[in-house]
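Chemist: here you go, sequence then predicted model.
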Amino acid sequence: METRTVNNEQTFEIDIIKLLFTFLHRWWIFAICGVVAMAAAIIYSMFFLTPLYQSSISIFVNNRMDHSTTDYISSSDVTTSRNLVTTYITIANSDRVMADVADALDGRFSADYLKRCVSAQQQNNTELFIVTVTTPSAEDSALIANTLADVLPTSLSDIVEGSTAKVLDYAKVATSKSSPNNTRNALIGLLLGVVLAAIIVFIEYVTDVRVKEEDDIAAICDYPILGQIPDFATIGNKSSSGYAYKSKESKK
């Protein structure tokens with residue numbers, strides 16, 4: 001039992017057990033809200049959200065020039081290369097690089113559009129970073145990603161002197177969309193529907209001022225309960241059953 005005070009004058013009690021039984025008794029509200037919300041989420045996800053496709057390239061960062069030779073790679077070289085990845089990611093999303101990519105694509109896409117489509121992140125704290133392109137077209141995503149693969153190594157080497165960047169993997173045309181995820185959206189819709197049903201039932205519970213039990217009377221007044229009105233329907237049923245039973249016995 002939880003008691004709450006409002007304005008230091010009015011108090012009301014929330015019986016957790018009764019509230020749980022109310023939830024169980026109103027299960028059909030949860031079912032309807034859950035099904036309706038899930039159906040709405042599926043319809044919205046399938047027909048109103050634009051499908052997006054992703055293609056990615058991976059680039060290896062080296063803090064040495066291509067023409068430099070060495071017999072071994074020290075730990076400091078690896079650390080430096082890893083630190084360069086963050087710089088390379090920032091450069092890869094710069095206006096200069098996006099303008100070069102837009103020129104390589106013959107102006108088919110603007111630099112601003114490319115910046116919105118391209119994202120990059122380091123791969124597991126290594127010297128690799130992944131550049132991902134997301135567009136509504138699987139072919140466009142692969143085209144932009146592979147154009148980035150052609151432009152980035154040269155641009156990065158020109159900007160960051162004494163280092164190189166090499167493409168490890170080129171992009172492929174995606175065979176399935178990356179978003180929206182209809183299953184995930186359906187589960188989110190179901191969850192929202194259940195939460196909405198819980199709010200509706202809770203409001204119904206706390207606003208119900210009808211007296212149903214002796215405890216309800218005791219909660220609103222301090223007077224003792226002197227009597228109780230019986231359920232005449234139940235008593236009538238019991239009396240009828242007893243009368244019928246006695247009648248059968250008398251016939252015997």
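Modeler: Thanks, I have it.
Chemist: when you work out contacts or count neighbours from here on, use the C-alpha atoms and nothing else.
Modeler: Noted.
Chemist: across the sheet, point out what pairs with residue 57.
Modeler: residue 131 (DSSP bridges).
Chemist: report pLDDT for it.
Modeler: On pLDDT, residue 57 comes in at 96.
Chemist: next one: residue 158
Modeler: 84.
Chemist: the one 5 residues further on now?
Modeler: Confidence per residue is given as pLDDT, and for residue 163 that number is 75.
Chemist: what's the closest non-adjacent residue to it?
Modeler: Excluding the flanking residues, the one nearest residue 163 by CA to CA, 6 or more residues apart in numbering is residue 63, at 4.1 Å.
Chemist: ok, the one you found - how many residues close by?
Modeler: Under the neighbour criterion other CA atoms under 10 Å, residue 63 is assigned a count of 21.
Chemist: can you give me the buried ones in the helix or strand where residue 205 lies?
Modeler: Using DSSP states H and E, residue 205 maps to helix 182-207. By neighbour count on 16 or more other CA atoms under 10 Å, the buried set for helix 182-207 is 185-194, 196-198, 201-202.
Chemist: try stretch 96-110
Modeler: Quick answer for stretch 96-110 (16+ other CA under 10 Å): 97, 98, 99, 100, 101, 102, 104, 109.
Chemist: adding pLDDT, distance to residue 147 and secondary structure as columns, could you present the residues you listed in a markdown table?
Modeler: Shown next, in a markdown table, are these (pLDDT from 0 to 100; distance: CA to CA, whole Å; DSSP: H, G, I helix; E, B strand; the rest coil):
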| residue | pLDDT | distance to residue 147 | secondary structure |
| --- | --- | --- | --- |
| 97 | 92 | 11 | helix |
| 98 | 94 | 10 | helix |
| 99 | 94 | 12 | helix |
| 100 | 93 | 10 | helix |
| 101 | 94 | 7 | helix |
| 102 | 94 | 9 | helix |
| 104 | 94 | 7 | helix |
| 109 | 94 | 12 | coil |
